[in-house]
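Engineer: can't give you the sequence, but here's the structure:
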Ligand code: 5AD
């Protein structure tokens, strides 16, 4: 009533009309993105700035529909083996950075890695993701041997590596040993922002170079970035999306930045659930056939984060297969989910939760359907 008196009947109605006009304009952006698989920078920025729930729901609905068009109601599972938390790098955001002296470091032996995979295989996993900090103890030959043994013992499985920046020859060697896929997030595509997140000894051009090499060698390649990392702007996010349009990766991993108490970013604010879901949906519409995980970080900021991610267009989940006693030590950020649905041993429970969202866990290898992945899509 107070509102009516204050603004008068007419202006109240105009306000409502304006609001409806704005919502339909925003929904039209979603339609355009779905139809054309791109938007200009100003339109993308407008979409990423949306907070209105009806528009967000419409965005997620469209992303889901596109996902289902290509992948049906399947959500692929991958078993994640975090094999070392030693790292030569010193990224300001990351809990396993070189200078974190409070972290208990560990390395898994070849036998431990193989026995994680054996357990994963019996639980039904057909992709193993070997992820580690950049640890020189795993030489080209040593990791090559592990890859060969995995492929020998589990020939029907895909092996994914997530082991940072290496030289071309090493990437090529591991691919020759049988590695199928490689995950290397670019973290941010903007030079100035990259400098805010990484010490001087690291370089964005090297990272991008590694990604091009991985694709050239023939890996199914995944890139990605954190949402809400310190200093990140909407323009940075648009630069990330443009970079991905050029790279055309088979997979994209995104998750919210979460502070870790022993890093220089301990006191920085975390990324948000809403922004992460928005970006998942936008990525699905930009790259209809991409593999898009609902990441651990997403599951760590909200108990239903992964399910919400799937309902916003994600189609991969990567439960943890690492030995239980090391999981607490792979602490990239505080409050990382390591139990519950995050644990590979609880896959049956995860399957029920996924079913409740209307999807089915899928145990196939789940290769990317993106075949036309030539780089250099400048018009997009
Ligand atoms: N918050 C969220 N994600 C992080 N990563 C590293 N540190 C953090 C953090 N504090 C992400 C990086 C890296 C991946 C393995 O984990 O994007 O590529």
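Structural biologist: That came through fine. This one's a predicted model, so the numbers in the text were calculated from it and none came from an experiment. Residues are numbered from 1 along each chain as shown.
Engineer: okay, strands next: where are they in the chain?
Structural biologist: 74-77, 79-84, 127-132, 158-162, 181-183, 220-227, 251-256, 316-317, 360-362 (DSSP state E).
Engineer: would you convert those into CSV that also reports mean neighbour count and mean pLDDT?
Structural biologist: Any C-beta I mention is one placed from the backbone N, CA and C, and that applies to glycine too. Below are the strands of the chain laid out as CSV (neighbours: other Cβ atoms under 10 Å; pLDDT from 0 to 100):
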stretch, mean neighbour count, mean pLDDT
strand 74-77, 23, 98
strand 79-84, 26, 98
strand 127-132, 23, 98
strand 158-162, 23, 98
strand 181-183, 26, 98
strand 220-227, 25, 98
strand 251-256, 25, 98
strand 316-317, 26, 98
strand 360-362, 17, 97
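Engineer: distance to the ligand added to those strands, as a markdown table?
Structural biologist: Shown next, in a markdown table, are the strands of the chain (distance: least, Cβ to the nearest ligand atom, whole Å):
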| stretch | distance to the ligand |
| --- | --- |
| strand 74-77 | 18 |
| strand 79-84 | 9 |
| strand 127-132 | 7 |
| strand 158-162 | 7 |
| strand 181-183 | 8 |
| strand 220-227 | 5 |
| strand 251-256 | 6 |
| strand 316-317 | 15 |
| strand 360-362 | 23 |
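Engineer: closest to residue 371 out of these?
Structural biologist: In terms of Cβ to Cβ, the element of those nearest to residue 371 is strand 220-227, at 10.4 Å.
Engineer: what does the closest one rub up against?
Structural biologist: Residues external to strand 220-227 that are found in contact with it (Cβ atoms under 8 Å, 6 or more residues apart in numbering): 93, 160, 180-189, 211, 214-215, 232, 237, 240, 243-244, 247, 249-257, 271-272, 275-276, 279, 291, 297, 367-368, 373.
Engineer: please apply the same query to stretch 193-213.
Structural biologist: Against stretch 193-213 from outside (Cβ under 8 Å, 6+ apart): 89-93, 165-166, 168, 171, 184, 186-189, 191, 221, 223, 229-233, 236, 243, 247, 249, 375.
Engineer: residues of the protein that sit close to the ligand?
Structural biologist: 93, 94, 185, 187, 226, 255, 257, 258, 260, 297, 332, 333 (Cβ under 6 Å from any ligand atom).
Engineer: need the contact list for residue 99.
Structural biologist: Neighbours of residue 99 in contact, by Cβ under 8 Å, 6+ apart: residue 90.
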